[in-house]
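> Structure for the following, please:
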Amino acid sequence: MLSCVEIEPKSSAKASVIWLHGLGANGHDFEPIVPQLALPDELAVRFIFPHAPSMPVTVNNGLLMPAWYDIYEMAIEAKTDVAGIHCSAQAISKLIEREIDRGINSDSIALIGFSQGGAVVYECGLTFPMPLAGILGLSSYFATHDVISAHKANRCTPVAIHHGLHDTVIPEMLGRESALTIRHFGNPVEYKSFNMEHSICAEQIGDIAAWLKKVLAS
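Here you go, the predicted structure:
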């Protein structure tokens, strides 16, 4: 089981959000955003921020760093570490299963992922065999779009995609392509772009909060 940072609600949890960081970061990366979301107490959301394991990353000269999968080169057409993504998706599935064991309904569990973490939550969320509340990809891309075996349980799960207009790490075009591909699967997809680079902005935090209220309340 992955090591995680966990933030409990004031009352017994009724819903869970599993939020994945990007390459080289850790589970503390998005922890400060939780109070800024100002979610209503009645939603009783438990936030879970897993730490990616450390591994050698090829694009960084084999430097050992937290990563959900290997990056071979910084190019749109670069080969994808599909096995690494599958492995991380399975690790996140175990966290979902643990939340279910703790009494949270699967359709009250949302997945959020930034950059590399987004690629993993697309794979995990769309293949998970029980319905989830929603999937949110932040400044990410659908790395396994051509090999994924999406499960019918999450064919109608709402997906939101946020991307920076000036992202030079993962071009916005890849975010838009992800939205088109996931719509083709049948999922309702909400796409929003922001005047930012490869990051999170203040305006976006309000949209994340609104999205969580919508998917967790339903």
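> Which of the three states applies to the closest residue to Thr80 other than its chain neighbours?
Sequence neighbours aside, Ala143 is the residue nearest to Thr80 in space, at 5.0 Å (criterion: C-beta to C-beta, 6 or more residues apart in numbering). In short, each C-beta sits where N, CA and C put it, glycine included. Three-state assignment for Ala143 (DSSP: H, G, I helix; E, B strand; the rest coil): coil.
> do His166 as well
His166 - assigned by three-state DSSP - is coil.
> so who does the spatially closest residue to it that is not a sequence neighbour touch?
Leaving aside its chain neighbours, His166 sits nearest to Glu197 (4.9 Å; criterion: C-beta to C-beta, 6+ apart). Taking C-beta atoms under 8 Å, 6 or more residues apart in numbering, we find Glu197 in contact with 164, 166-169.
> with the residues you listed in mind, which one is nearest to Ala110?
Checking those against Ala110 by C-beta to C-beta gives Gly164 as the nearest, at 21.4 Å.
> Neighbours of the closest one, how many?
23 (other C-beta atoms under 10 Å).
> about what we covered before: kindly indicate the member of the contacts of Glu197 with the most neighbours.
Result: Gly164 is most packed of these (other C-beta under 10 Å), 23 neighbours.
> does that residue really touch Ile200, like I thought?
No: look at Gly164 against Ile200 with C-beta atoms under 8 Å: they stay out of range, at 9.1 Å.
> In space, what's closest to Gly137 - neighbours in sequence excluded?
Going by C-beta to C-beta, 6+ apart, Gly137 has Gly118 as its nearest residue, at 3.7 Å.
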